[in-house]
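> test case, fold it:
(2 chains)
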Amino acid sequence: LAKTTQPISMDSYEGQEVNITCSHNNIATNDYITWYQQFPSQGPRFIIQGYKTKVTNEVASLFIPADRKSSTLSLPRVSLSDTAVYYCLVGEANNAGNMLTFGGGTRLMVKP
Amino acid sequence: EAQVTQNPRYLITVTGKKLTVTCSQNMNHEYMSWYRQDPGLGLRQIYYSMNVEVTDKGDVPEGYKVSRKEKRNFPLILESPSPNQTSLYFCASSLSNGGRHEQYFGPGTRLTVT
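Numbering: from 1, shown residues only, chains lettered A, B, ... in the order given. Down below sits the predicted model:
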């Protein structure tokens, strides 16, 4: 079961690009990497998922190097509303069982 | 509207008094899961279910029970709650595999055990 390590917190300013890295040294061959965003008093919300290389959607990009031992969530031009906790999740993709472990999360503070 | 609902949203109870937190999803998802969230510990999986009548332990199953008799419902049962189960609980569901597909989370249940 892959364990994940993320920075505890990060600060940024409005309009900047933010990159949050997650380490997952013992990721398994079939594991996917998923990022979630959580606001206070709410459940986490899916942001993006990838397996290798780069994935981009309307809100973020996910960069995964060839060895897949880490991944970087990139948020372009953050705003105050991006202040939240971001979780990296590395999950087993097989159907025999699917225990999941979230990382500790990265608290992002966006300042004006 | 596609959603995961949990009830109750807030609960204060006493040690040893059995309680059930309900979870329901309307997306016909096969995979459902319960998590607890504590300060400094992030989200930890309690139990998960791959489909009806198929459940398995997550990281922290001690003191909890679950059942999956219907596809849409996945209740969390605390037979004899203790203060260390005071936490914020989230139910989630996904299409099939929670690591492969997007999980949809409920709004959370804040439980206090005195």
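
> excluding sequence neighbours, find me the nearest residue to the residue of chain A found nearest chain B.
With C-beta to the nearest C-beta as the measure, A:Gly91 is the residue of chain A nearest to chain B, at 1.9 Å. In this view, the C-beta of every residue, glycine as well, is placed from N, C-alpha and C. Excluding the flanking residues, the one nearest A:Gly91 by C-beta to C-beta, 6 or more residues apart in numbering or on different chains is B:Gly99, at 1.9 Å.

> can you count the residues close to that neighbour?
25 (other C-beta atoms under 10 Å in any protein chain shown).

> hmm, it is touching A:Thr101, no?
No. With contacts counted by C-beta atoms under 8 Å, B:Gly99 stays clear of A:Thr101, the gap being 9.9 Å.

> show me the common contact partners of these two, please.
Common contact partners of B:Gly99 and A:Thr101 (C-beta atoms under 8 Å, 6 or more residues apart in numbering or on different chains): A:89-90.

> and the residue in chain B that chain A sits nearest to, how far from A:Asn30?
As assessed by C-beta to the nearest C-beta, chain A sits closest to B:Gly99 within chain B, at 1.9 Å. Using C-beta to C-beta, to the nearest Å, one gets 9 Å for the distance from B:Gly99 to A:Asn30.

> same question, B:Val14
According to C-beta to C-beta, B:Val14 stands 44 Å off from A:Asn30.

> stretch A:32-49 close to chain B?
Yes. Stretch A:32-49 reaches chain B (C-beta under 8 Å from any C-beta of the partner chain) through A:32, A:34, A:36, A:41-46, A:49.

> what residues does that stretch touch?
With C-beta under 8 Å, 6+ apart as the test, stretch A:32-49 has contacts from A:22, A:24, A:27, A:50-51, A:55, A:57, A:59-62, A:64, A:68, A:71, A:73, A:84-91, A:93, A:102, A:105, B:4, B:43, B:90, B:92, B:99-100, B:102-108.

> among those residues, which are in helices?
Judged by DSSP state H, helices contain none of these.

> report the buried members of those.
Neighbour counting with 16 or more other C-beta atoms under 10 Å in any protein chain shown marks A:22, A:24, A:27, A:50, A:55, A:60-62, A:64, A:68, A:71, A:73, A:84-91, A:93, A:102, A:105, B:4, B:43, B:90, B:92, B:99-100, B:102-106, B:108 as buried within these.

> tell me how far the helix or strand of chain A with the lowest mean pLDDT lies from the chain's centre.
None of the helices or strands of chain A scores lower by mean pLDDT, DSSP states H and E than strand A:101-102, at a mean of 78. When distances are taken as C-alpha atoms, centre = their mean, to the nearest Å, strand A:101-102 is centred 11 Å away from the chain's centroid.
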